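generate a structure from the sequence data that follows.
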Amino acid sequence: MNESDPASSPLFTPFSLGRLRLPNRAVMAPMTRSRAPGNRPNDLMAEYYRQRAGAGLIVTEGTSPSPNGLGYPRIPGLFDRDQVAGWRGVADAVHAAGGRIFVQLMHTGRVTHPANLPAGATALAPSPVPLESTRMWVDGEGLLEIPAARAMTPVEVEATLEEFTAGARLAVDAGFDGVELHGANGYLIEQFLHPHTNRRDDDWGGSLEARAGFCLEAARRAAAAIGPERVGIRLSPFGTFNEMPADPEADALYRYLARELNALDLAYLHVIDPGPMGGPTLPADLLPAMREVFSGAFILAGGYDLERAQRDLRAGRGDLVAFGRPFLANPDLVERLRAGAALNEPRPDLFYSGGAEGYTDYPALGAGAGAG
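Prediction:
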């Protein structure tokens, strides 16, 4: 085997994920794109995901299971029948193109501007800890300071867990192959995990184990509702996105989470290493320790390119590798990587612009500028 030959890479070998047979090990990472006016998926989104059906697995952009979790402009929801119908169009388009797709359930928690929420919704978080410097875009108003979210009552904690469970059931109704719980990047589930954002003195806060309770309960209920083989979770140990400061217990927390999540027989654990993207460097033995105790699939994420993906897969550090921006700009990313072809460059000014430009107009191989 010629290890310098992309075609010989383990990235292009099949993998069994629960009941799914993945033709390759490249995962399209979840990426917010803000193309869902009214928080409803649409035909433009269906085309975007259909174009990328060559991924071994697609994980959608963050999708709120609750009206209270729609903190960004134009992000999709999954809590009513109209949204189910919209997502059905997306899932059907991906499946018709031969792909596989999980929906990521993301509640923004404190990372919410109330002006982005639908009528009657409320910005809620484990504790009322404001974001100090982060600003949020509101259509028609620009970048605004984010008011502190209100602390959830115990009744609201329970109601939110039920929203995640209901969202998992609706995902199956919409035709998705499964769901990924977003426990990373400073959103609600991680807000419960972190002592900076969880200052509760009830059963959901205090000790490491209590702070992990919301995450584990959300996963347990989703697995019971739709089957553990249809449930994955994304975590970001030591991540600082959305003003999450250093946690002195982070190493112990994520080892504990990996053990407890393993007991639920989930399909996969999707872990972001922030170091390659300029974030904190993880303890050298943390990811290997998490992988050792988690018997499901292990998805590596964090600024991957082909060379690093090949190296880590060959070393057994993970089973699958997630790519973000490369998939954003290259609908045929797997084909390009396999062929050793040039990649399109992403256009950051259009990441969240709301239209087809910078979304569904990146050329495939042989289709114009940027093709290799």
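
got any ranges where this structure has weak pLDDT?
1-7, 367-372 (pLDDT under 70).

ok, M277 touching Y304?
No - with contact defined as C-beta atoms under 8 Å, M277 does not reach Y304; the gap is 10.0 Å. C-beta: built from backbone N, CA, C; applies to glycine.

the more surrounded of those two?
Y304 (24 against 13; other C-beta atoms under 10 Å).

so which helix or strand takes in that one?
Assessed by DSSP states H and E, Y304 sits outside every helix and strand.

which residues are in contact with stretch 162-171?
63, 65-66, 69, 78-79, 83-84, 87, 103, 105, 107, 178-179, 181, 218, 221-222, 225-226, 230-231 (C-beta atoms under 8 Å, 6 or more residues apart in numbering).

from these, which ones fall inside strands?
Within the contacts of stretch 162-171, residues falling in strands by DSSP state E are T63, V103, L105, G178, V179, L181, V231.

residues touching the first one, list them.
In other words, T63. I75, P76, G77, L78, W87, V103, Q104, L105, M106, G167.

and the helices in the stretch 1-150 of the chain?
For the stretch 1-150 of the chain, the helices defined by DSSP state H, counting those that start in this stretch occupy 43-51, 81-96.

need those helices in CSV with distance to V293, can you?
Output for the helices of the stretch 1-150 of the chain, formatted as CSV (distance: least, C-beta to C-beta, whole Å):
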stretch, distance to V293
helix 43-51, 33
helix 81-96, 32
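
A339 is nearest to which of those helices?
helix 43-51 (17.2 Å; C-beta to C-beta).

the inter-axis angle of that closest one versus helix 81-96?
Interaxial angle of helix 43-51 relative to helix 81-96 (axes from the mean of the first three to the mean of the last three C-alpha atoms, to 10 degrees): 30 degrees.

who does helix 43-51 touch, helix- and strand-wise?
Packing partners of helix 43-51 (3 or more C-beta pairs under 8 Å, 6 or more residues apart in numbering; DSSP states H and E): helix 81-96.

what's the offset of the helix it packs on from the middle of its chain?
A distance of 18 Å separates the centroid of the chain from that of helix 81-96, by C-alpha atoms, centre = their mean, to the nearest Å.

need the helices of the stretch 1-150 of the chain in a markdown table (columns: distance to D139 and mean neighbour count).
A markdown table is the format used below for those (distance: least, C-beta to C-beta, whole Å; neighbours: other C-beta atoms under 10 Å):
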| stretch | distance to D139 | mean neighbour count |
| --- | --- | --- |
| helix 43-51 | 17 | 20 |
| helix 81-96 | 19 | 19 |
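
what segments of the stretch 251-372 of the chain are helices?
According to DSSP H, counting those that start in this stretch, the helices that the stretch 251-372 of the chain contains are 286-293, 306-314, 325-329, 333-339.

quick check: buried residues in the third one?
So the one you mean is helix 325-329. P326, F327, L328, A329 (16 or more other C-beta atoms under 10 Å).

before we move on, what about the first one?
Judged by neighbour count using 16+ other C-beta under 10 Å, the buried positions of helix 286-293 are L286, L287, A289, M290, R291, V293.

repeat that for the last one.
Neighbour counts over helix 333-339 (16+ other C-beta under 10 Å) mark L333, V334, R336, L337, R338 as buried.

check the offset of it from the chain's centre.
23 Å.

and if you look at the third one?
Counting by C-alpha atoms, centre = their mean, helix 325-329 is centred 15 Å from the centre of its parent chain.

the longest one now?
Its chain's average C-alpha position is 21 Å from that of helix 306-314, according to C-alpha atoms, centre = their mean.

what of stretch 339-348?
22 Å.

circling back to that earlier point, looking at the buried residues of helix 333-339, which is nearest G316?
Checking the buried residues of helix 333-339 one by one against G316 (C-beta to C-beta), the nearest turns out to be L337, at 20.3 Å.

settle this for me: that closest one is touching Y304, isn't it.
No - between L337 and Y304 there is no contact under C-beta under 8 Å: 10.7 Å.

in the helix ranked longest in the chain, what's buried?
For the chain, the helix with the greatest residue count under DSSP state H is helix 154-173. Within helix 154-173, the residues scored as buried using 16+ other C-beta under 10 Å are 157, 160-161, 163-172.

next, the angle helix 81-96 makes with it.
With the same axes, to 10 degrees as the basis, helix 154-173 and helix 81-96 are set at 40 degrees to each other.

with just CA atoms, put helix 154-173 into PDB.
In PDB, the C-alpha atoms belonging to helix 154-173 read as follows (Å, rounded to 0.1, in the frame of the first residue of the first chain):
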ATOM      1  CA  PRO A 154     -36.600  22.600  37.700                       C
ATOM      2  CA  VAL A 155     -39.900  22.200  35.800                       C
ATOM      3  CA  GLU A 156     -38.400  23.900  32.800                       C
ATOM      4  CA  VAL A 157     -35.300  21.600  33.000                       C
ATOM      5  CA  GLU A 158     -37.700  18.700  32.800                       C
ATOM      6  CA  ALA A 159     -39.700  20.200  30.000                       C
ATOM      7  CA  THR A 160     -36.500  20.900  28.000                       C
ATOM      8  CA  LEU A 161     -35.400  17.300  28.300                       C
ATOM      9  CA  GLU A 162     -38.800  16.300  27.000                       C
ATOM     10  CA  GLU A 163     -38.300  18.600  24.100                       C
ATOM     11  CA  PHE A 164     -35.100  16.900  23.100                       C
ATOM     12  CA  THR A 165     -36.900  13.500  23.400                       C
ATOM     13  CA  ALA A 166     -39.700  14.800  21.200                       C
ATOM     14  CA  GLY A 167     -37.300  16.200  18.700                       C
ATOM     15  CA  ALA A 168     -35.600  12.800  18.400                       C
ATOM     16  CA  ARG A 169     -39.000  11.200  17.700                       C
ATOM     17  CA  LEU A 170     -39.800  13.900  15.100                       C
ATOM     18  CA  ALA A 171     -36.500  13.300  13.500                       C
ATOM     19  CA  VAL A 172     -37.500   9.700  12.800                       C
ATOM     20  CA  ASP A 173     -40.800  10.900  11.500                       C
END
